[in-house]
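Visitor: this one's structure only:
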């Protein structure tokens, strides 16, 4: 027996005039308070099974107590109670075993909910029928059926559904499945929740009349999984296009998951760097779980080049998140001459890894790895910023704290410089790579005389700590060796690699075959220090006096012993032993601050204030050259002349420390003078909260240097001048200069001749070389312009654009990659940077750098945006890489046009690309792309 409960609105017992269907004659209207029990026809009827009842004219039993349980309900074909209600009227057809519901009718059965203007419910067949009604006033159908089963909702013109078999059929259905919108003429639903649709369209446009759709005679919607289509074609703006496929799969993204496993369709086009036509970045995506995913992709080129890659994102909530990507490319030249000469190909690779922990506990592990071959970015990078990048840095770090005071850490770092482009081959050469391993251990500073809190006495501010740093570096940049007799004063008896006897550094390929050479050139270096903080004192109320004590040293794994063999020849023996070298010193520093105010009394300018911060410090370090453990005095010729040679700084240092100059006593006086200027302005408005406001004119202008009282020559250090200011609201200025006060003379010593010259112990002004020699000058100006925001705190607006709301994972990806998206809310923005640099050491010819760079974007309309990036190199007198991009928001589509009129190099082709694609991630491969290169070198 089917148990039905009815509810009827008390507001209205008759339908409004707009309804064309009249209630059946001689059919009872069920009271809104009645609970109807309908007996099954195959069960013997027995009045004794019923509670106290009365019978109506048709013999239907109506219970007087609506709370009384029905003993036949357990034998019903349905699993739960079918509840119904109607706003207009509820008509009981006893003969037809049906209930007719009129006016905002609703039937609920478990998770199924049906709403319509008219619903007919048959309790014998367990079938429900629903449709809308024609409103003669509005002249349209109203109250069309809305069928909801859990999270799924279907709109249709007419619907028939069986509660028992869970099958149904409808006409004119509209349903939302994932990001897709499905519409069909006739739809069948099976007992597993799958839909079979005829005369269907599939679109991600949410408008009533969509901009585009996929026209398919047949569609199958597999519940919570995907849409499967038969032959289909694309229709844009109601125009059928001859673009289609024999079948299609449209998966539904799973909740709390980055995506759904599936095929990644490759991009196609022609390679501007000479590798020919390509299919690129096609493969398979694995949605392993909501914590990790992976994608395996490949690429192939018509000239024989190929590539493969793997990428993954992972996350562990409240612990860490990261991503990993590795790509390998085998590039073969497309030039016919290279093929005839059998020029070997190039292997390029790229490894990217980012691991970000969530701070917790007493240890952290983080990684930011970017390791690539020298020419990978040049021939494989698509992004402009990566193509023009010439450096890459990587680091993997682990840090741990032990209690309140101790800490330790370790890291591995890789620093790469990809070298310069060879003008003949067009390939980057001379790339430098350095791999270093560092570890540290330290004890935070403690106050030994105030472990229990102290009483405020001066000596209780004395603090002591400890720091140890270790480093081991392997590099393909080998230090040159100068073995000339004119410089050293003796002849080295040891065999010396003649390839390293040169004036400039030596760069060898960073590959496994050269590893022994690089390891011989490497050495472990450890540094330790004992930072000591002494109490501060006040002198004459306004001068701060800060004494200091320093103790630091280095730990080496190699030690050198020297032996004079006669005939101006010295043999150097290397001993593998752990040794240490240390220094200590003490000193004090003084600083103060004073002001000067210049009253102007102008219309708005009230005064200008000048702040001066002078500081002077003195540091003394004893002479350690007498320590035989650090230095060895060795005879260098037969007449008895001797030299002081370092036991730790040998061939790898180029004998830069052989003289032992760093070991001699020093008494260094350092000075600096910092200045800042600001003006005091009256407020523009009389109603302002403050009468005056301060505006900075010059944030800092400093001059500094040092003088060594105990040095036998070259006592004065270089003089540094630095300035920085913020001019107005947008202009930033940074300026620095470095002056050498000493003169230089040409270097004529032996074969090791430097174009820098030799610094002599005479001031530059005495040699007619000016007051001081300018060594470095750098000037940087930067500004940006954008309109003021109309509303700093805008109220959130409802989503009326019809676009699909982003998921949490998509928003996180946008935050990590803002350059890949366009912000249409900003009307326009322009950023301008100017850089000027001059470098000249000694007698070298000065080298200049002078560039200007500009980037900007403009929202022509709420849906149109144009952006540009360019620059100009005044030294080379040519523009830098220039890109122009045009965006168009087409509601459910994106259009972009990217043009590179000038690629910045004769070895990179100028090109353009045009892309028109659907916004939805489900239809990301539904796009039209056109690319063209204006110049093709013919090689890789």
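Guide: That came in fine, so what should we check first? Only a predicted model underlies this, so the values are computations on that prediction, with no experimental measurement involved.
Visitor: so residue 497 makes contact with residue 479?
Guide: No. Contact criterion CB atoms under 8 Å: residue 497 and residue 479 do not qualify, at 11.3 Å. C-beta: built from backbone N, CA, C; applies to glycine.
Visitor: any common contacting residues for these two?
Guide: Here residue 497 and residue 479 have no joint contacts, going by CB atoms under 8 Å, 6 or more residues apart in numbering.
Visitor: Find the residue ranges of the stretch 551-700 of the chain scoring beneath the pLDDT cut-off.
Guide: Judged against pLDDT under 70, the low-scoring parts of the stretch 551-700 of the chain cover residues 650-663, 685-690.
Visitor: Tell me where it has strands.
Guide: 569-591, 594-599, 605-621, 631-635, 642-646, 666-682, 692-708 (DSSP state E, counting those that start in this stretch).
Visitor: looking at these, which is buried most?
Guide: Of all the strands of the stretch 551-700 of the chain, strand 642-646 has the most neighbours on average by mean count of other CB atoms under 10 Å, namely a mean of 19.
Visitor: How far away from the center of its chain is that strand?
Guide: How far strand 642-646 lies from its chain's middle: 53 Å, per CA atoms, centre = their mean, to the nearest Å.
Visitor: Which strands border that strand, and is each parallel or antiparallel?
Guide: Paired neighbours of strand 642-646 in the sheet (DSSP bridges): strand 631-635 (antiparallel).
Visitor: The strands of the stretch 551-700 of the chain into TSV, with extra columns for distance to residue 913?
Guide: As requested, the strands of the stretch 551-700 of the chain are arranged in TSV below (distance: least, CB to CB, whole Å):
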stretch	distance to residue 913
strand 569-591	59
strand 594-599	59
strand 605-621	54
strand 631-635	65
strand 642-646	60
strand 666-682	50
strand 692-708	44
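Visitor: can you pull out the helices in the protein?
Guide: Under the criterion DSSP state H, the chain carries helices at the ranges 336-340, 376-380, 384-388, 485-488, 515-521, 808-816.
Visitor: average pLDDT across the first one?
Guide: It stands for helix 336-340. For helix 336-340, the mean per-residue pLDDT is 71.
Visitor: circling back to that earlier point, lowest average pLDDT across the helices of the chain?
Guide: Among these, helix 808-816 carries the lowest mean pLDDT (a mean of 59).
Visitor: how much space is there between residue 731 and residue 698?
Guide: Using CB to CB, to the nearest Å, residue 731 is found at 13 Å from residue 698.
Visitor: Also residue 745?
Guide: In terms of CB to CB, residue 745 sits 38 Å off from residue 698.
Visitor: next one: residue 778
Guide: Separation of residue 778 from residue 698 (CB to CB) stands at 17 Å.
Visitor: now residue 201
Guide: Noted for residue 201: a distance of 67 Å to residue 698, by CB to CB.
Visitor: How many residues are close by the closest residue to residue 433 other than its chain neighbours?
Guide: Spatial nearest neighbour of residue 433, excluding adjacent residues (CB to CB, 6 or more residues apart in numbering): residue 510 at 4.3 Å. Other residues near residue 510 come to 20 when the count uses other CB atoms under 10 Å.
Visitor: Now residue 510, what are its backbone angles?
Guide: Main-chain torsions, residue 510, degrees, to the nearest 10: phi -80, psi 90.
Visitor: Relative to residue 374, how far out is it?
Guide: Counting by CB to CB - residue 510 and residue 374 are separated by 9 Å.
Visitor: what's the overlap in contacts for these two?
Guide: With CB under 8 Å, 6+ apart, residue 510 and residue 374 have common neighbours residue 431.
Visitor: Contacts for stretch 230-238, please.
Guide: By CB under 8 Å, 6+ apart, stretch 230-238 touches 201-202, 211-219, 240-248, 926.
Visitor: Which of those residues are buried? Put it as a ChimeraX command.
Guide: Entered in ChimeraX, the line below selects the buried ones among the contacts of stretch 230-238, by 16 or more other CB atoms under 10 Å:
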select :201,202,211,212,213,214,215,216,219,244,248,926
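Visitor: For stretch 484-492, measure first residue to last.
Guide: 9 Å (CA to CA, to the nearest Å).
Visitor: Could you give me the buried positions within that stretch?
Guide: Counting neighbours by 16+ other CB under 10 Å, the buried set in stretch 484-492 is 488, 490, 492.
Visitor: Find the nearest non-adjacent residue to the last one, please.
Guide: Of all residues beyond its chain neighbours, the one nearest residue 492 is residue 483 (5.4 Å), with distances taken as CB to CB, 6+ apart.
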